[in-house]
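>>> quick check, what structure comes out for this input:
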Amino acid sequence: MPRKTNGIEFEVHPRPTKGDDGKPLLYVRPVKGRKKTFKDLEAFCCKYRGLRTGELQQVFGVVMEVAGMWLSDGYRVETPLGSFAPKLKLLGEHTDPKTIHGRDIRYAGLEFIPSKDFVEEGGRNREGYRRSNGQVGNSQMYDAGAMDEALRRSMRLGYTTVPDFMIFSQLKRDSAKRYLDNLCVGENARLWKVRESRRWLYFPKKQVSKE
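Okay, here's the model as predicted:
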């Protein structure tokens, strides 16, 4: 059966929680790396929507200037895309409203609530969905056979390090270190580690001296 080549490409990732079978529950998200720039948007609108070159940039510039002015005064600004409002952060811990003054408040960015029409436009997916064939996330961490093979291959010098294990396991740094560290604890620990300068060396447990 031919592989689907259209539709939204998605990745599958493991969640921290596990299902009844002991394996991590999964979630999906659009595949990383797919993006359109403002330059792409402007070129498309000029070619297919009758806008003049630079017109879209000019409109966005004016909107950003005026909306920014209103937002800086504390207004919520409603647009066809959605509404924008300033977010505030309270410094320190307070229980009495009378102790809170202007110096205790900091600007904390913007809140964006998409409009119903914009949400509907973004959801008009006519081509369905297709799963990415690439290995994503750290789901391979839960494949015991794959991890054992990665550990074996990374021990080519009689020990492994986090960067070496990352290469063979395809795990991200934090996950690779956490996996190796977990193998160093417990009554049936498989590894022991030694600090060398700024890195950790992980040795098979059988190499520990009995003396």
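>>> going forward, measure contacts and count neighbours with C-alpha atoms only.
Fine.
>>> how far is the helix or strand of the chain with the lowest mean pLDDT from where the chain is centred?
Here the helix or strand of the chain ranked lowest by mean pLDDT, DSSP states H and E is strand 8-18, holding a mean of 79. Put simply, strand 8-18 sits 11 Å off its chain's centre (CA atoms, centre = their mean, to the nearest Å).
>>> for stretch 8-25, same thing?
Stretch 8-25 has its C-alpha centroid displaced from the chain centroid by 15 Å (CA atoms, centre = their mean).
>>> which residues are contacting stretch 68-86?
With CA atoms under 8 Å, 6 or more residues apart in numbering as the test, stretch 68-86 has contacts from 67, 107-118.
>>> list the ones among those that fall in helices.
Counting by DSSP state H, the contacts of stretch 68-86 place Ala67, Lys116, Asp117, Phe118 in helices.
>>> wait, what's in contact with the second one?
So that's Lys116. With CA under 8 Å, 6+ apart, Lys116 has these contacts: Gly82.
>>> try the third one
For Asp117, the set of contacting residues under the criterion of CA under 8 Å, 6+ apart consists of Pro80, Leu81.
>>> low-confidence stretches in the chain?
Low-confidence segments of the chain (pLDDT under 70): 1-5, 16, 133-140, 142, 207-211.
>>> recalculate using a threshold of 50.
By pLDDT under 50, the low-scoring segments of the chain are 1, 207-211.
>>> if we can go back for a sec, so what touches the helix or strand following the least confident helix or strand of the chain?
As assigned by DSSP states H and E, the chain's next helix or strand after strand 8-18 is strand 24-30. Residues outside strand 24-30 that contact it (CA under 8 Å, 6+ apart) are 8-19, 142.
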